[in-house]
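Colleague: following is a predicted model, sequence given first.
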Amino acid sequence: MSNFDTSQRMFQFSTSETIKHMVLIFGALIVLLPFYVMLSYSLKAPAEIMQNTGGFLGAQEPFRDDYCIKLGNAIADCMVTPWIYNYKTAFEKAPLLRYLLNGVLVTFSIFFIQVVIALPCSYALAKLKFWGRDTVFALVLFCLLIPVHAIALPLYIMLAKLGLTNSYAALVIPWTISVFGIFLMRQFFMTIPDDLIDAARMDGMSEYSIIWNVMLPAAIPALMAFAIFSVVAHWNDYFWPRIVVTGNRELFTPPLGLREFKGDADGDNFGPMMATAVVIVTPLLVAFALAQKRFIDGITLSGMK
Amino acid sequence: MANIRLSNISKRFGNTDVLDGIDLDINDKEFVTLVGPSGCGKSTLLRIIAGLESADTGTVSINDTDVTGIRPANRNLSMVFQSYALYPHLSVAQNMLTPLKLRDLSFLQRLPMIGPLLAKTEYQTLYQQVKKTAQILKIENLLERKPGQLSGGQRQRAALGRAMVRDPLAFLMDEPLSNLDAALRVHMRSELTQLHQRLKTTFVYVTHDQSEALTMSDKMAVMMKGKILQYGPPDEIYHNPQTTDVARFVGSPAINIIPGSTDETGCVSLLGRSLGIYISSPRTSIQIGLRPEHLSLSEDSSNSFPGIIRHIENLGSDLFYHLEVEGMRQRIVVRTSQSEGRRLPLGSLTCFTAEKDKHLVFDENGNRLTTKSQKLAEVA
């Protein structure tokens, strides 16, 4: 009898649940639609993109590459399959691998230095008693409210005066102190029992040793969450690299690479552009899929159990 | 291997006196318990001994050396925490190795990967020490596990192991048994006492559980509101408490404190009946303490006090009768053996008597008064 009851309840129609799911599905569609378009365009021929035909995959009929013909090749040699053409052009026309490498270098330098700075700061804010601690923490919270764009100009002028524009330093330095990281790690460190730190002190560890040997391993879940926030933000950042990197293509980060296909007068070449976009977001999607469980653990700050 | 001497230790947090002029001498190889209700400052005192907290005034000396300003690690004391505080990301063996590594190896030798290559023999001797300690505690088979994979009792042992490997001058324990279940707690009590006998080291043990203090320690210090009320062997504390606070705190169920009076000769009477004991001078208001086990039920009403049974606690081996006595708001608890008590139902009228010479007489402020069986004037 009771089994019957529960199964009844499980399949019971619930208006509120249905509405909830409808809203969520609608939201998911809005978020996913650009991804769908990006993926679809990266596979289609220019004509199909312009005429909006060919469905998701496109017909994949070979088409004539005009640029190839302009170079004086025979028409037969210049027939290309759309998706191969798009991805090939993405890698050939712009040094996309170089951009990806720059992106990796910049985002990981930023994250590494952010951690090196944020962990001691948040340890002090969470576990040490000193005069003015609450004021300092209030300042950290205040800094969370300042939008990057508001201070972009002073930052740029400072870097320009130091002669650091058009360098990796310009891409990394402004982001090395992350108040969000300090805040997030501080909240996490609050949950770590004081006994653990006292035990480490009894064992003879110095305060710095406690940070790297006790707090860091305990904080891995929160660090993973912070890593995702930090890496995603700086991997995808278009605004700041666009400002400080002028001209020197060697320093372009992946989002700047998208500009290569912005043809202005010739019209935009959407196929290769979207192929580039796919290449840029794929590493993030893979990383997120791998770290998903830890990511959610970290956000809910329940990693210590 | 160490005596610990505290003199005039005081500590304030904001406006509250946590510790108020504590003096305490702990002799070498003694098992000393600091016991008291929560918030009495016992943990703070232990942390001051450890060096994790600094006192506002006063000095701590170990083996007659002043260590007041010295870092915890350099005092060579070990501490076992209530939450065990094992490093969650390290195996039990690594946990036990950590204090040894920090004490015996240089910075270079402690580095991961390179360290063990640089100092192979050192690592081996350290590991032998860990193994030896693990054998004593019977946790050799757990050495490779992480703390998360251990039960409460096993974690307790691992924490003890981490404290023991260093051969410290003294062990400091902050309620180490309070996270264990009741059966294991009683078992670990005897294990800790055996360990103390075996290691022949000073133990300072903090607990709020008076039965732990009574069963385990050589000496216990009863603390309340930042002061040590009485310091001495458990027997002394139990049978000869100096204040009503100590008398009430030690012993379960709690001692019966009954108001009494004296006549002009100083003869003490309880509930209007003379007890034949005397205090030095007559007082208007006194309190008489009687432990439940020193009271017994009696059929004979001539030399006893009447009371109505309001509640019976059955502990298996013993029965505790809570009696309502006329003219008293507080109930009197009487301990009887199972065979003696069986027949009496709730609500029935009975009588109780007190054993001779077991009366503890306190003045109106709760301080102990000495009693004599004869009137003092006659003795003189």
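Modeller: Structure's in. What do you need?

Colleague: next, work out how far apart residue B:95 and residue A:199 are.
Modeller: 9 Å (CB to CB, to the nearest Å). For glycine as for every other residue, the C-beta is placed from the backbone atoms N, C-alpha and C.

Colleague: overlap in contacts of the two?
Modeller: B:86, B:87, B:162 (CB atoms under 8 Å, 6 or more residues apart in numbering or on different chains).

Colleague: which SS class is the first one?
Modeller: Put simply, residue B:86 is coil when judged by DSSP: H, G, I helix; E, B strand; the rest coil.

Colleague: for the closest residue to it other than its chain neighbours, give me its contacts.
Modeller: Nearest residue to residue B:86, sequence neighbours excluded (CB to CB, 6 or more residues apart in numbering or on different chains): residue B:147, at 4.1 Å. Neighbouring residues of residue B:147 by CB under 8 Å, 6+ apart: B:84, B:86, B:87, B:88, B:90, B:92, B:95, B:155, B:158.

Colleague: what's the spacing between the second one and residue A:23?
Modeller: Right, residue B:86. Counting by CB to CB, the gap from residue B:86 to residue A:23 is 46 Å.

Colleague: name the residue in the two with the higher neighbour count.
Modeller: residue B:86 (27 against 10; other CB atoms under 10 Å in any protein chain shown).

Colleague: which residues are in contact with the more buried one?
Modeller: Neighbours of residue B:86 in contact, by CB under 8 Å, 6+ apart: A:199, B:92, B:95, B:147, B:155, B:158, B:159, B:162.

Colleague: might you report the residue contacts of the spatially closest residue to the fifth one that is not a sequence neighbour?
Modeller: Sequence neighbours aside, residue B:84 is the residue nearest to residue B:155 in space, at 4.7 Å (criterion: CB to CB, 6+ apart). Contacts for residue B:84 (CB under 8 Å, 6+ apart) come out as A:195, B:147, B:155, B:156, B:158, B:159, B:176, B:179.

Colleague: let's have the residues you listed in CSV, adding distance to residue A:60, secondary structure and pLDDT.
Modeller: Listed next are these as CSV, based on distance: CB to CB, whole Å; DSSP: H, G, I helix; E, B strand; the rest coil; pLDDT from 0 to 100:
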residue, distance to residue A:60, secondary structure, pLDDT
A:195, 64, helix, 90
B:147, 57, helix, 89
B:155, 62, helix, 90
B:156, 68, helix, 89
B:158, 63, helix, 91
B:159, 66, helix, 92
B:176, 72, coil, 89
B:179, 66, coil, 85
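
Colleague: dump those to a markdown table, plus distance to residue B:111.
Modeller: Listed next are these as a markdown table, based on distance: CB to CB, whole Å:
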| residue | distance to residue B:111 |
| --- | --- |
| A:195 | 27 |
| B:147 | 24 |
| B:155 | 28 |
| B:156 | 31 |
| B:158 | 25 |
| B:159 | 26 |
| B:176 | 33 |
| B:179 | 35 |
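
Colleague: ramachandran angles for residue B:16?
Modeller: phi -100, psi 130 (degrees, to the nearest 10).

Colleague: could you give the bridge partners of it?
Modeller: Beta bridges link residue B:16 to residue B:13 when assigned by DSSP bridges.

Colleague: neighbours of it, just the number please.
Modeller: By other CB under 10 Å, neighbour count at residue B:16 equals 11.

Colleague: swap in residue A:112?
Modeller: With other CB under 10 Å as criterion, residue A:112 counts 13.

Colleague: name the SS class of it, please.
Modeller: Under three-state DSSP, residue A:112 comes out as helix.

Colleague: Three-state assignment for the residue of the stretch 1-150 of chain A found nearest chain B, please.
Modeller: Nearest residue of the stretch 1-150 of chain A to chain B, counting by CB to the nearest CB: residue A:129, 10.6 Å away. With three-state DSSP as the basis, residue A:129 sits in coil.

Colleague: distance from stretch B:82-98 to the middle of the chain?
Modeller: Here stretch B:82-98 is found 27 Å from its chain centre; the criterion is CA atoms, centre = their mean, to the nearest Å.

Colleague: which parts of that stretch are buried?
Modeller: The neighbour-count check on stretch B:82-98 (16 or more other CB atoms under 10 Å in any protein chain shown) flags B:82-87, B:89-98 as buried.

Colleague: next: stretch A:232-251.
Modeller: Buried, per 16+ other CB under 10 Å, within stretch A:232-251: A:234, A:235, A:236, A:237, A:240, A:241, A:244, A:245, A:251.

Colleague: list just the nearest of the contacts of residue B:147 to residue B:112.
Modeller: residue B:90 (11.7 Å; CB to CB).

Colleague: pretty sure residue B:208 is touching residue B:175, no?
Modeller: Yes: between residue B:208 and residue B:175 a contact is recorded at 7.0 Å, counting by CB atoms under 8 Å.

Colleague: for the stretch 101-250 of chain B, what spans make up the strands?
Modeller: Using DSSP state E, counting those that start in this stretch, the strands of the stretch 101-250 of chain B run over residues B:170-174, B:202-207, B:219-224, B:227-232.
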